[in-house]
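Colleague: 3D model of this:
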Amino acid sequence: MNSIATIILTYNEEQHIERCIKNAQQFSESIFLVDSFSSDRTVEIAESLGAKVYQNKWENNYAKQFNWGLENLPITTEWVFRLDADEYLMGDLIAEINTQLPVLEPSVSGVVFERKMFFLDTLMTKGMLQMNMLRLFKYRHGFCEERWMDEHIILTEGESILFKGYFVDHNLNPLGWWIQKHNNYSIREAVDLLDLEFQLLEPKTEQAAKYALSSDAQSKRNKKKKYANMPLFWRSFIYFVYRYFFKFGFTQGKEGFLWHFLQGWWYRTLVDAKVYEIKKACGTDVIKMKKFIKKSYNLNI
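Modeller: Have a look, this model is predicted:
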């Protein structure tokens, strides 16, 4: 088995955790859960499958929780894999890891994979922008940057390489759960966009400022900056049209329409509505923005 410790952050993931752990066992030597005190059977199921469970209070920030795991888990492997409970690796990628990882050049300390999405039990293959993510890295050679959205693993030394296989995000919760989740995400995304315009957030930590993002993460960040400079509301409409028509999202039937409408247009319009709401209430006053976001959305930035 590969010298990999897979870290999974959980809170009430009884619906996904068995699938996730059994998948990780195909390429990992050890599996750790950092659980935020689940009230369902997540911990019981994980422990019955041999995963080691540690619990830590959730501080409303994915990166903080993951970095807590890096600092506090008894990791003894050479590599660490970051995996969400509703994600799993496809067979081709597992085979690729099992054959290619042992023969990587010593200078490689991070591996990037493509992530694809399931929506309404359908793999979205049209209208998508390729999402490459660094998820496998040498222990003590990387950390998770602290952001409100779209946090990435940053390497502190070595270089990264892209594997051919892909993993998927395949959440089994109903559509109403997805809508509520993205409503919650939208204020975080709004904060991210306001930060690009008004430097709303604290400067990067010394550690994060010292090291560069992977080329894939930097490319994604650059695209986000271009998007942020486009007019409110129009940009979400244009993004939908680009994905649904020019990238052939319409070829995936009703699931394709719902995915691109909800994720590409509705969600991003909701983000813009919150940006508009905050600007209307606070103008360009950064202090007022922070107080408004704290009072209205209980987000302490």
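Colleague: wasn't M289 part of a strand?
Modeller: No - per DSSP: H, G, I helix; E, B strand; the rest coil, M289 lies outside any strand segment and is helix.
Colleague: as a check, name the ranges of all helices in the stretch 201-301 of the chain.
Modeller: Per DSSP state H, counting those that start in this stretch, the stretch 201-301 of the chain carries helices over the ranges 206-210, 215-228, 234-241, 253-259, 267-282, 286-297.
Colleague: wait, is L136 part of a helix?
Modeller: No - assessed with three-state DSSP, L136 is strand; it does not lie in a helix.
Colleague: so what sits opposite it in the bridge?
Modeller: F81, V111 (DSSP bridges).
Colleague: wait, it sits on E78?
Modeller: No - counting by Cβ atoms under 8 Å, L136 stays clear of E78, with 10.6 Å between them. All C-beta atoms are positioned from the backbone trio N, CA, C, and that covers glycine.
Colleague: all strands of the stretch 1-150 of the chain, in order?
Modeller: 4-10, 30-35, 52-55, 79-82, 87-89, 108-119, 122-123, 131-138, 142-144 (DSSP state E, counting those that start in this stretch).
Colleague: closest to Y166 out of the ones you listed?
Modeller: strand 108-119 (4.1 Å; Cβ to Cβ).
Colleague: report the buried residues of the closest one.
Modeller: 108-114, 116-119 (16 or more other Cβ atoms under 10 Å).
Colleague: what do L136 and E78 both touch?
Modeller: Common neighbours of L136 and E78 are listed as I4 (criterion: Cβ atoms under 8 Å, 6 or more residues apart in numbering).
Colleague: tell me the secondary structure at the residue nearest to E114 when sequence neighbours are not counted.
Modeller: Spatial nearest neighbour of E114, chain neighbours left out: Y166 (4.1 Å); criterion: Cβ to Cβ, 6 or more residues apart in numbering. Here Y166 is strand, with the state taken from three-state DSSP.
Colleague: how many neighbours does Y166 have?
Modeller: 18 (other Cβ atoms under 10 Å).
Colleague: which residues touch it?
Modeller: 90, 92-93, 113-116.
Colleague: how about S39?
Modeller: Counting by Cβ under 8 Å, 6+ apart, S39 has contacts N12.
Colleague: next, format the strands of the stretch 1-150 of the chain as a markdown table and append mean pLDDT and distance to I238.
Modeller: Listed next are these as a markdown table, based on pLDDT from 0 to 100; distance: least, Cβ to Cβ, whole Å:
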| stretch | mean pLDDT | distance to I238 |
| --- | --- | --- |
| strand 4-10 | 98 | 34 |
| strand 30-35 | 98 | 39 |
| strand 52-55 | 98 | 44 |
| strand 79-82 | 98 | 32 |
| strand 87-89 | 98 | 29 |
| strand 108-119 | 97 | 21 |
| strand 122-123 | 97 | 25 |
| strand 131-138 | 95 | 20 |
| strand 142-144 | 93 | 31 |
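Colleague: out of the ones you listed, which gets nearest to M230?
Modeller: Judging the strands of the stretch 1-150 of the chain by Cβ to Cβ, what sits closest to M230 is strand 131-138, at 20.4 Å.
Colleague: that closest one - contacts with which helices or strands?
Modeller: Other helices and strands packing on strand 131-138, by 3 or more Cβ pairs under 8 Å, 6 or more residues apart in numbering; DSSP states H and E, are strand 79-82, strand 108-119, strand 153-155, strand 159-169, helix 215-228.
Colleague: dump those to TSV, plus distance to R235.
Modeller: Below are the helices and strands packed on strand 131-138 laid out as TSV (distance: least, Cβ to Cβ, whole Å):
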stretch	distance to R235
strand 79-82	30
strand 108-119	21
strand 153-155	28
strand 159-169	24
helix 215-228	6
